[in-house]
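*Asks:* coordinates only, no sequence provided:
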């Protein structure tokens, strides 16, 4: 009787390398790439582990094409679409999954109510002012990053002189504040205020004169903010000026000035400090941060740009010393330089640090669960996206395991689609060629005709905007290993004869085969075979003992086979249960 059989195919071996930090980093390290994958066309992900005197450090690194706005865009995303409140990064990505495929990291530091501490600019409109004494990163239309400290000055004017205002900030006594629809549905609940409702308000472009007519005057907080409008709130002594100088029907003039002038930026996000300038790690940026924050080894995130314009999104995992001890701000700067950044800035740190792809978390949360955040920095891809094939190894040999392959791809707009399979010796098979609507589409293949080796699924889509994109995914067709059958249960007895467990399998081609007994979690307790075998039926036996000669404990185990030859590397596993009996 056969147990359920599982198959794994190991595409990537762990790649080991060594990288030494500059002497100024004052620590010797070695680095290993423990996982890497293609997330979407042109966008790669690596999980790196650095071994340091302070313990291991896990870095999650995404490298993307230059976000020039054609198929790739780098921009902030606001939690729940509002300044106030927080949301998980994975939920923010899921909210836009129908219109884009995204990968991103947490954004700025933020207050308890979710208000970001620094600048937030989306699609050219300013939602939040920059933090005094801290760096911000601006993103130009061609995808170039500019990092620097930016000053804000906001004013309003009715029938008299210009007067100061804040932008989308929590209430401050004696201040006037402009609340745009980015703040949330209503102004803060407060008394002793005068509020001018601006029924329509232009995009809050910095360094522009913004005008709007007062449609209503209210003398209490909690006023609904009109969609596409704004509310100007004055408190204390400032309230009398708003009453006198901006009654209903008055045209109010607002200026939101950034110095230097960032009105040409498509978007911007706050954080800090500056980490990399001119390709060199910045040891001390002299920004408004508590030194203890910068020097603590903790989870951190950052963004950088390579000399060729590509973007780096990096998240350092922390909070678990035996798994990842985190980094100081300068250590993150050195890591960005090692990765090739010529400019770079830190984003928020600590428990909110996270990285996710298309709604799936890539990092391990330092607090044990994903923490909600105020805003995020997302790289969005607007072309056709192909998911990894359902199985990395297709083996249409009739053993009931991975006999068919399934491909899926996502279209964001109506598109003309062509999908093909390309295999060994130039073989090509058309799978689809037609006009398709937005959504997820699925194709299947049974491996006929059989040509073993590496295959590539390729889908090209030209959308209704004339944009053409292509996504590819690789897999292997390999019939080398099949038909693994093991005894469903084993009686373990100290004086049992050899071979109470029999595992049989079939080799279609000669291969080097390793056969092990493992726990269900993959811990090897005994090796049964490690050598070359010819094609044909095969049998291995297990006498119930571990590699040290001790009798194994009763419990759930699996036989795990790995076969390697010129076609590739493929594995099968079959579970069984062992019962330990008295002598």
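*Replies:* Nice, I can see it. What you see is a predicted model, and the numbers here were worked out from it, not measured in a lab.

*Asks:* isn't residue 42 right up against residue 65?
*Replies:* Yes: Residue 42 lies in contact with residue 65 (CB atoms under 8 Å); the separation is 4.4 Å. To be clear about C-beta, it is placed using only N, CA and C from the backbone, and glycine gets the same treatment.

*Asks:* how far away is residue 554 from residue 562?
*Replies:* As judged by CB to CB, to the nearest Å, residue 554 and residue 562 stand 26 Å apart.

*Asks:* shared neighbours, residue 42 and residue 65?
*Replies:* residue 72 (CB atoms under 8 Å, 6 or more residues apart in numbering).

*Asks:* picking up where we left off before, residue 554 and residue 562: who's more crowded?
*Replies:* residue 562 (20 against 16; other CB atoms under 10 Å).

*Asks:* OK, contacts around that one?
*Replies:* The neighbours of residue 562, taking CB under 8 Å, 6+ apart as the test, are 513, 514, 569, 570, 571.

*Asks:* and these as TSV, adding secondary structure?
*Replies:* Shown next, in TSV, are the contacts of residue 562 (DSSP: H, G, I helix; E, B strand; the rest coil):
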residue	secondary structure
513	strand
514	strand
569	strand
570	strand
571	strand
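
*Asks:* could you single out the nearest of these to residue 140?
*Replies:* The closest of these to residue 140 turns out to be residue 569 (CB to CB; 45.0 Å).

*Asks:* in this structure that closest one contacts residue 563, no?
*Replies:* Yes: Residue 569 lies in contact with residue 563 (CB under 8 Å); the separation is 7.4 Å.

*Asks:* neighbour count: the two, which is higher?
*Replies:* residue 563 (26 against 19).

*Asks:* element containing the more buried one, please.
*Replies:* Assigned by DSSP states H and E, residue 563 falls within strand 555-564.

*Asks:* paired strands for the strand or helix carrying residue 408, with orientation please.
*Replies:* Using DSSP H and E, residue 408 falls within strand 405-411. Paired strands of strand 405-411, with direction, are strand 385-386 (antiparallel), strand 439-445 (antiparallel) (DSSP bridges).

*Asks:* and the helix or strand just after the last one, average pLDDT?
*Replies:* When you say that, I think you mean strand 439-445. Sequence order places strand 453-463 as the next helix or strand after strand 439-445, per DSSP H and E. Here strand 453-463 scores 97 as its mean pLDDT.

*Asks:* just stretch 249-264 next, same as before
*Replies:* Rounded mean pLDDT across stretch 249-264 is 98.

*Asks:* pull out the buried positions in that stretch.
*Replies:* Of all the residues in stretch 249-264, those buried under the rule 16 or more other CB atoms under 10 Å are 250, 252, 254, 255, 256, 258, 262.

*Asks:* I'd like those residues laid out as TSV, including secondary structure.
*Replies:* Conversion of the buried residues of stretch 249-264 to TSV gives the following (three-state DSSP):
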residue	secondary structure
250	coil
252	strand
254	strand
255	strand
256	strand
258	strand
262	coil
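
*Asks:* now these in TSV, with distance to residue 488?
*Replies:* TSV is the format used below for the buried residues of stretch 249-264 (distance: CB to CB, whole Å):
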residue	distance to residue 488
250	84
252	79
254	76
255	78
256	72
258	71
262	68
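
*Asks:* check the residues you listed and tell me the two furthest apart.
*Replies:* Greatest spatial distance among the buried residues of stretch 249-264 (CB to CB): 250 and 262, at 29.4 Å.

*Asks:* who's the most centrally placed residue in the chain bridged to?
*Replies:* Centroid-nearest residue in the chain, with CA atoms, centre = their mean: residue 356, separated by 2.6 Å. Note on residue 356: beta-bridge partners by DSSP bridges are residue 104, residue 361.

*Asks:* I'd say it and residue 103 touch.
*Replies:* Yes: between residue 356 and residue 103 there is a contact at 7.2 Å, judged by CB under 8 Å.

*Asks:* quick check: neighbours shared by those two?
*Replies:* Listed as contacting both residue 356 and residue 103 by CB under 8 Å, 6+ apart are residue 93.
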